[in-house]
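Q: Got a sequence here, can you model it:
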Amino acid sequence: MPVAEQDLLENVIKPALECLHEHNPLAAGLLCAMARNASDLEPLHQSAQGIGLYQITSEQHRRTWDEYVAHDSDLASRLRGLASQRQFLKNPDAELQFNLVYATAIAWLLYKMNTTTPANCINPPMLQSAPVQVAR
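A: As a prediction, this is how the structure comes out:
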């Protein structure tokens, strides 16, 4: 069952971006468009493309931690705070499917790792129609 966009924005995207100290309406709109494009807002979606709402692969997940998060202890601490304590250690990729706030934070970090366009430079009308994907 798809997540309603307003619920996604208020209960998932906003808390994730706030945790990362990056909340702004354009970033939130971009993440909503990414989820709509990747999975039609189906949080349990799993395919050969990836896992969960944003269709993030295991490799992307590991790369985000290894190349981005590991170099910032404050960021790592905040991100670990979003993850389930025991489950994350057993199966970190399950967080991408069942922990929507954590998956959203990872999706945002992937966006930041793979773009030079700041979220505040994106044209809001484009978010409604243009296909936006998390870089693989």
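Q: use CA for all of it now, contacts and neighbours both
A: OK.
Q: what about the strands in this protein?
A: Secondary structure of the chain (DSSP state E): strands at 46-47, 50-51.
Q: Can you add mean neighbour count and mean pLDDT and give those back as JSON lines?
A: Shown next, in JSON lines, are the strands of the chain (neighbours: other Cα atoms under 10 Å; pLDDT from 0 to 100):
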{"stretch": "strand 46-47", "mean neighbour count": "14", "mean pLDDT": "72"}
{"stretch": "strand 50-51", "mean neighbour count": "22", "mean pLDDT": "89"}
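Q: how about the ones you listed, which one is nearest residue 20?
A: Nearest to residue 20 among the strands of the chain is strand 50-51 (21.4 Å), distances taken as Cα to Cα.
Q: Name the spans of the protein whose pLDDT lies under the cut-off.
A: Applying pLDDT under 70 to the chain flags residues 45, 116-136.
Q: among the strands of the chain, which is nearest residue 75?
A: The closest of the strands of the chain to residue 75 is strand 50-51. By Cα to Cα, the value is 22.6 Å.
Q: and the closest one, how far out from the chain's middle?
A: 12 Å (Cα atoms, centre = their mean, to the nearest Å).
Q: follow-up on the earlier one: which of the strands of the chain sits closest to residue 89?
A: Residue 89 lies closest, by Cα to Cα, to one member of the strands of the chain: strand 50-51, at 17.5 Å.
Q: Show me the contact partners of that closest one.
A: The contact list for strand 50-51 (Cα atoms under 8 Å, 6 or more residues apart in numbering) reads 44, 45, 56, 57, 58, 93, 96, 97.
Q: Pull out the buried positions in stretch 41-50.
A: By 16 or more other Cα atoms under 10 Å, the buried positions in stretch 41-50 come out as 41, 42, 43, 44, 45, 46, 50.
Q: and the last one, bridged to which residues?
A: On the basis of DSSP bridges, residue 50 is bridged to residue 47.
Q: circling back: which of the contacts of strand 50-51 has the largest number of neighbours?
A: When neighbours are counted by other Cα atoms under 10 Å, residue 96 leads the contacts of strand 50-51 with 30 neighbours.
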